[in-house]
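**Q** 3D, please:
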Amino acid sequence: MIWSSSRWFWLAIGLLSVVLLYVLAPILMPFLAGALLAYLGDPLVDRLESWKLSRTASVTVVFLTICLALVLFFLFLVPILETQTQRLFDKIPQYLEWGVNVLAPYLQERFGVDPSVLEVERIKGVITSHWKETGGFIRNAVQTISHSGFVVLGWVANLALIPIITFYLLRDWDHLVRYIDDLLPRSIEPLVARLARESDEVLGAFLRGQLSVMLALSVIYAIGLSLIGLEFALLIGLIAGLVSFVPYLGLIVGVSIAGIAVLFQMPHDIFMLFWVFAVFGVAQVIEGTLLTPLLVGERIGLHPVAVIFAVLAGGQLFGFMGILLALPVAAVLAVILRHVHDTYKQSQIYGIEESLLDDNLPVADSVTDGEKTP
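**A** The predicted structure follows:
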C-alpha cells in the first residue's frame, strides 16, 4: 500500500512538472540560460573559495569574467564574422564559375554531362538575391525584433534577466543543491545522489571540458590560418572548432574548407596546401597531448552521435529552449540508462535464459559418474 501511494505521488509530480514546463515555456529561456551559465561557473567559484575568498567575492569575479567575455564576443567577433560571411557570399559566384570552368571539360569528356544542366547562372542569382534580401546577421536580427514593440521589450527583458539570474544562482548554487538533497525521501536519496554525481561527471566532461577544447581549437585554427594569409581564417577556424566535438570531424571539415579556400585564393601556389595541413596537424598534436588530457581527462562524456541527436531533437521539439535542455537531459538519461542496464544484468529477468538452459541440459551431463550407462 505504501509503495502504491509512493508510486502515485511521483507520477503526479512528474505530470505536474511536464504541464508546468509546457505552460511556462515562453518565460523559461532566461532561467535556463542563467542556470547553464551558473553550472559552468560554479567550479571556478569553488576554486576561488578554496583560495580564501568569500563566496560573494568569488561569484563577483567569475560573473564579471563571464560578462566581459560575452561583451567582447558581441562587440568584436560577431561583426568580424558577419563581414567575412558577407565576403564569402559575395565570392561564391566567382567560386562556382571557377569550379565549372575546371570541372565542365572533365565531366563532358568522361561522363558526357552537358555543363548547361548545372544551371550555374541560376544558382549564382539565387545565392546573390538571397543574401541581399536577408542582409547581415545583426541587421536581420534588428529588423526582425523591430516589427513589434512588445517583441523588443520581451527580448530586452530576457537579456536583462539572464545576468541577474546567473549571479543569484551562482551565489546560492551550493545551498540549492543541499536543499534539494534534503527534500529527497531518505529511502531513495543514496541512489539519486549517486546518479546526480555521475550525471554531473558526464555533463561536466562535455560542457566544461569539450567546449573548452572546441574554443581552444577555434583560436588555434584561426590564428594559424591567419598567419598563412588565408582570407576567411576566423570563419573557417570557428566552424572547424565548433564541429570538433565529433572526433576527426573538425579536422576533416577544416582541412576541406581551408584547402578549397586556398585553391580559390592562390590557385597558382599549390605549396600553400602544405601550410594548411601543417596548421591542422599542429592543432591535432596540441589537442591530443595537452588540451584533451588537461581539460577533458579520461572521461569523454556523451557519445558524439548522442550529442548530435540530442541537440537536433531538442531543437525540433522545443525550439531554443530544447537546445538549452538537450545536453543536460541527455546526460541524465545516459546515466539512468546505464543504471537500468546494470540493474537488468543483475536481475532474474536476465538470468531466466541461463536457468532455462540449465533445465534443458541432457540427463547424461547431470548424473554422477557411477550412474552413467556404459
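
**Q** now the helices for the stretch 201-350 of the chain?
**A** Assigned by DSSP state H, counting those that start in this stretch, the helices in the stretch 201-350 of the chain fall at 211-227, 233-242, 249-265, 272-286, 304-345, 348-359.

**Q** which stretch among the ones you listed comes nearest W10?
**A** Evaluated over the helices of the stretch 201-350 of the chain, closeness to W10 peaks at helix 304-345, with 14.2 Å, by CB to CB. C-beta here means a position set from N, CA and C on the backbone, and glycine is covered the same way.

**Q** For I66, give me its contacts.
**A** By CB atoms under 8 Å, 6 or more residues apart in numbering, the contact list for I66 reads 37, 41, 166.

**Q** Cross these against helices and list the overlap.
**A** 37, 41, 166 (DSSP state H).

**Q** Can you list the low-confidence ranges for the stretch 1-150 of the chain?
**A** Residue ranges of the stretch 1-150 of the chain with pLDDT under 70: 1-5, 99-100, 102-104, 106-150.

**Q** ok, now how distant is S256 from S226?
**A** Distance, S256 to S226, by CB to CB, to the nearest Å: 19 Å.

**Q** on that earlier part again, which of the ones in helices among the contacts of I66 has the most neighbours?
**A** The residue in the ones in helices among the contacts of I66 with the most neighbours, by other CB atoms under 10 Å, is T166 (26 neighbours).

**Q** can you count the residues close to the nearest residue to L159 once chain neighbours are set aside?
**A** Leaving aside its chain neighbours, L159 sits nearest to P30 (7.8 Å; criterion: CB to CB, 6 or more residues apart in numbering). Counted with other CB under 10 Å, residues neighbouring P30 total 18.

**Q** Could you do the one 5 residues further on as well?
**A** Residues lying near A35 (other CB under 10 Å) number 19.

**Q** before we move on, what about G351?
**A** Neighbouring residues of G351 were enumerated by other CB under 10 Å; the total is 12.

**Q** contacts for the helix or strand where P190 lies?
**A** Here P190, judged by DSSP states H and E, is contained in helix 189-204. Residues outside helix 189-204 that contact it (CB under 8 Å, 6+ apart): 39, 43, 181, 184, 299, 301-302, 327-328, 331-332, 334-336, 338-339.

**Q** so how far is it off the chain centroid?
**A** 20 Å (CA atoms, centre = their mean, to the nearest Å).

**Q** got the CA coordinates for it in PDB?
**A** C-alpha atoms of helix 189-204 as PDB (Å, rounded to 0.1, in the frame of the first residue of the first chain):
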ATOM      1  CA  GLU A 189      18.400   9.600  -1.500                       C
ATOM      2  CA  PRO A 190      21.600   7.500  -1.900                       C
ATOM      3  CA  LEU A 191      20.600   6.300  -5.300                       C
ATOM      4  CA  VAL A 192      19.500   9.800  -6.500                       C
ATOM      5  CA  ALA A 193      22.700  11.300  -5.100                       C
ATOM      6  CA  ARG A 194      24.900   8.700  -6.900                       C
ATOM      7  CA  LEU A 195      23.000   9.300 -10.200                       C
ATOM      8  CA  ALA A 196      23.400  13.000  -9.800                       C
ATOM      9  CA  ARG A 197      27.100  12.800  -9.200                       C
ATOM     10  CA  GLU A 198      27.500  10.500 -12.300                       C
ATOM     11  CA  SER A 199      25.400  12.900 -14.400                       C
ATOM     12  CA  ASP A 200      27.500  15.800 -13.200                       C
ATOM     13  CA  GLU A 201      30.600  14.000 -14.300                       C
ATOM     14  CA  VAL A 202      29.200  13.200 -17.700                       C
ATOM     15  CA  LEU A 203      27.700  16.600 -18.300                       C
ATOM     16  CA  GLY A 204      30.700  18.400 -16.900                       C
END
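
**Q** orientation of it relative to helix 304-345 in degrees?
**A** Interaxial angle, helix 189-204 versus helix 304-345 (axes from the mean of the first three to the mean of the last three CA atoms, to 10 degrees): 160 degrees.

**Q** And the ones in helices among the contacts of I66, which is closest to G250?
**A** So of the ones in helices among the contacts of I66, ranked by how close each gets to G250 (CB to CB), first place is L37, at 24.6 Å.

**Q** can you tell me which residues contact that closest one?
**A** Contact analysis of L37 by CB under 8 Å, 6+ apart lists 66, 162, 166, 170.

**Q** Check I164 too.
**A** G34.

**Q** got it, and S244?
**A** With CB under 8 Å, 6+ apart, S244 has these contacts: 213-214, 217, 250-251, 287.

**Q** same question, V71
**A** V71 makes contact with no residue, according to CB under 8 Å, 6+ apart.

**Q** cool, and L294?
**A** Counted by CB under 8 Å, 6+ apart, L294 has zero contacts.

**Q** Would you mark the buried spots in the helix holding P190?
**A** Applying a neighbour-count criterion of 16 or more other CB atoms under 10 Å, one finds 195-196, 198-199, 202-204 buried in helix 189-204.

**Q** before we move on, back to that, just checking, the residue nearest to L159 touches I165?
**A** Yes. Counting by CB atoms under 8 Å, P30 touches I165, with 5.9 Å between them.

**Q** And the spatially most central residue of the chain, how far from L273?
**A** The centroid of the chain falls nearest to V307 when counting by CA atoms, centre = their mean (6.3 Å). To L273, V307 is 31 Å away according to CB to CB.

**Q** Next: H303.
**A** 33 Å.

**Q** How about the contacts made by F245?
**A** Counting by CB under 8 Å, 6+ apart, F245 makes contact with 206, 210, 214, 304, 307.

**Q** Thanks a lot, catch you later.
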